[in-house]
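# pasting the structure only:
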């Protein structure tokens with residue numbers, strides 16, 4: 001089994017993107033990749049709306065899953081951090097190898113911030129106020145809350161529909 005220490009940052013990104021795409025496909029969401037150099041990695045087709053999704057690697061630190069929601073690049077002066085702007089992405093999705101789960105953050109938690117912390121277990125001081133529980137942001141739990149007809153995706157009929165009678169209905 002792989003550990004986080006055995007992977008390069010490029011491998012982590014590729015693994016996260018594939019895990020997120022698989023989670024979306026399992027939920028019945030169409031998944032596409034942009035052809036150009038965009039700020040997002042995947043496009044989710046939630047019919048009729050398309051969502052621009054930035055994929056991230058999430059790290060588990062104790063009982064917390066940390067999702068970094070900014071970018072970093074090297075410059076002469078050191079690391080330069082950049083936050084996602086509201087018009088650049090619609091959501092951040094992340095994969096955590098340690099929990100083997102994908103998480104989907106809504107737009108409000110995806111832009112203009114450095115990181116989001118999701119708790120896996122109660123805090124030692126029993127704090128409840130302001131706690132974001134990881135289970136509430138697991139991909140399957142969150143995908144249905146995005147605006148659009150996503151709730152109907154689980155009800156989709158797979159395969160071909162049988163045609164009965166004449167077309168249009170009522171004609172002879």
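It's in. Keep in mind the model is a prediction, meaning the values are calculated, not measured.
# going by C-alpha atoms from here, please, whenever you check contacts or count neighbours.
Noted.
# residue 20 against residue 95, yeah?
Yes: the pair residue 20 / residue 95 is scored as a contact, 6.6 Å apart, by Cα atoms under 8 Å.
# other residues contacting the helix or strand of the chain with the lowest mean pLDDT?
The weakest-scoring helix or strand in the chain, judged by mean pLDDT, DSSP states H and E, is strand 70-75 (a mean of 89). With contact meaning Cα atoms under 8 Å, 6 or more residues apart in numbering, strand 70-75 is reached by 79-84, 113-115.
# so what's the gap between the next helix or strand after it and the chain middle?
The first helix or strand that comes after strand 70-75 along the chain, using DSSP states H and E, is strand 78-83. Between the centre of strand 78-83 and the centre of its chain there are 22 Å (Cα atoms, centre = their mean, to the nearest Å).
# what packs against the helix or strand following strand 78-83?
The element immediately downstream of strand 78-83 (helix or strand, assigned by DSSP H and E) is strand 91-96. Packing partners of strand 91-96 (3 or more Cα pairs under 8 Å, 6 or more residues apart in numbering; DSSP states H and E): helix 9-26, strand 50-61, strand 101-105, helix 107-110.
# show me where pLDDT drops low in the protein?
Scanning the chain with the threshold set as pLDDT under 70 gives 1-2, 147-172.
# give me that answer again for 80
1-4, 127-128, 145-172 (pLDDT under 80).
# just to revisit the earlier point, so the least confident helix or strand of the chain versus strand 78-83, what angle?
Here the directions of strand 70-75 and strand 78-83 differ by 150 degrees (axes from the mean of the first three to the mean of the last three Cα atoms, to 10 degrees).
# any idea which helix or strand carries residue 43?
strand 42-45.
# that strand: partners in the sheet, and parallel or antiparallel?
strand 30-32 (antiparallel), strand 50-61 (antiparallel) (DSSP bridges).
# before we move on, the earlier item: buried residues, the least confident helix or strand of the chain. List them.
For strand 70-75, burial by neighbour count (16 or more other Cα atoms under 10 Å) applies to residue 70.
# that strand pairs with which strands?
Applying DSSP bridges, one finds strand 70-75 paired with strand 78-83 (antiparallel).
# what residues does the strand it pairs with touch?
With contact meaning Cα under 8 Å, 6+ apart, strand 78-83 is reached by 69-74, 111-114.
# hang on, the earlier thing: who has more neighbours out of residue 20 and residue 95?
residue 95 (29 against 25; other Cα atoms under 10 Å).
# does that one touch residue 58 like I think?
Yes: applying Cα under 8 Å, one finds residue 95 in contact with residue 58, separated by 5.5 Å.
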